[in-house]
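Undergrad: structure, please.
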Amino acid sequence: MNELEKRMEKLEGLAERRNQEGQAVFKEGELMVSKETEERVRSLEISVERQERKVRRKNIIVKGVEMQRNKEWSQEVERIWEKIGVEGGKRNMRKIGGIDKEGKSLVLIEMEGLEKKREVMMAKSKLKGEKVRIEDDLTREERRIQRLIMEEARKERENGKRVKVGYMKMWVNDELRLWNESGEGWKMEEGNG
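TA: Below is the predicted model:
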């Protein structure tokens with residue numbers, strides 16, 4: 001038994017040295033990764049997320065577009081554009097996802113520029129009463145964060161507070177709360193909302 005214990009200590013020492021050198025180590029069947037490697041992976045994830053946000057920045061999603069067989073869906077998008085009073089601005093359009101039970105689907109629209117996108121986003125309130133919504137094209141992480149913010153806003157409204165929600169932020173009784181992505185929580189600021 002003494003020989004076996006010595007060999008185990010030697011292997012544990014080797015594993016500890018490799019861990020200190022920043023290499024991956026196996027310990028009791030689990031892969032342990034050094035802090036340096038974790039930081040590099042996190043940095044790469046942030047970089048990829050930033051790049052994806054940059055690509056999606058000018059895009060919008062139109063939800064609830066009629067997908068009837070006898071009617072071209074692009075004509076439905078043109079009808080929506082007329083209703084909100086925006087001319088042109090669409091570079092490319094494509095249907096994404098499947099068609100729901102009601103015969104509606106999502107359309108991704110690449111805008112010509114941020115000014116046209118801003119014009120559309122300001123005019124989308126003219127669609128009130130219709131079952132069509134215009135939203136930003138968000139990454140998976142941004143959608144997850146927006147869901148958290150909407151849930152928090154719902155709770156605050158239930159407590160009788162005035163709440164207004166924006167992109168990665170919300171105002172509660174004129175107090176601005178900004179979402180801190182790195183810390184996964186709120187940064188509080190005074191604001192006019």
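Undergrad: specify the local secondary structure of the residue nearest the centre of the chain.
TA: Taking Cα atoms, centre = their mean as the criterion, E142 is the residue nearest the geometric centre of the chain, at 1.6 Å. Counting by DSSP: H, G, I helix; E, B strand; the rest coil, the backbone at E142 sits in helix.
Undergrad: could you point out the helix or strand that follows the lengthiest helix in the chain?
TA: Longest helix in the chain, counting residues (DSSP state H): helix 35-56. Next along the chain after helix 35-56, taking DSSP states H and E as the criterion, comes strand 59-66.
Undergrad: other SSEs contacting the very next helix or strand once past that following strand?
TA: Where DSSP H and E defines the elements, the next helix or strand beyond strand 59-66 is helix 73-84. Here helix 73-84 touches strand 59-66, strand 90-96, strand 104-111, going by 3 or more Cβ pairs under 8 Å, 6 or more residues apart in numbering; DSSP states H and E. C-beta: built from backbone N, CA, C; applies to glycine.
Undergrad: E135 is nearest to which of those?
TA: Smallest distance to E135 across those (Cβ to Cβ): 5.0 Å, for strand 59-66.
Undergrad: contacts for the closest one next, please.
TA: Applying Cβ atoms under 8 Å, 6 or more residues apart in numbering, the contact partners of strand 59-66 are 73, 76-77, 80, 95-96, 103-111, 117, 120-121, 130-137.
Undergrad: still on that earlier bit, how about the longest helix of the chain: buried residues?
TA: R56 (16 or more other Cβ atoms under 10 Å).
Undergrad: report the inter-axis angle for that helix versus strand 104-111.
TA: 90 degrees (axes from the mean of the first three to the mean of the last three Cα atoms, to 10 degrees).
Undergrad: only alpha carbons, please: show helix 35-56 as PDB.
TA: C-alpha atoms of helix 35-56 as PDB (Å, rounded to 0.1, in the frame of the first residue of the first chain):
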ATOM      1  CA  LYS A  35      -8.600  30.500 -14.800                       C
ATOM      2  CA  GLU A  36      -6.500  31.900 -17.700                       C
ATOM      3  CA  THR A  37      -8.300  29.500 -20.100                       C
ATOM      4  CA  GLU A  38     -11.700  30.400 -18.700                       C
ATOM      5  CA  GLU A  39     -10.900  34.100 -19.200                       C
ATOM      6  CA  ARG A  40      -9.800  33.600 -22.800                       C
ATOM      7  CA  VAL A  41     -13.000  31.600 -23.600                       C
ATOM      8  CA  ARG A  42     -15.100  34.300 -22.000                       C
ATOM      9  CA  SER A  43     -13.300  37.000 -23.900                       C
ATOM     10  CA  LEU A  44     -13.900  35.100 -27.200                       C
ATOM     11  CA  GLU A  45     -17.600  34.700 -26.300                       C
ATOM     12  CA  ILE A  46     -17.900  38.500 -25.700                       C
ATOM     13  CA  SER A  47     -16.100  39.200 -29.000                       C
ATOM     14  CA  VAL A  48     -18.400  36.900 -30.900                       C
ATOM     15  CA  GLU A  49     -21.500  38.400 -29.200                       C
ATOM     16  CA  ARG A  50     -20.300  41.900 -30.100                       C
ATOM     17  CA  GLN A  51     -19.800  41.000 -33.800                       C
ATOM     18  CA  GLU A  52     -23.200  39.400 -33.900                       C
ATOM     19  CA  ARG A  53     -24.800  42.500 -32.400                       C
ATOM     20  CA  LYS A  54     -23.000  44.600 -35.000                       C
ATOM     21  CA  VAL A  55     -24.400  42.500 -37.800                       C
ATOM     22  CA  ARG A  56     -28.000  42.500 -36.400                       C
END
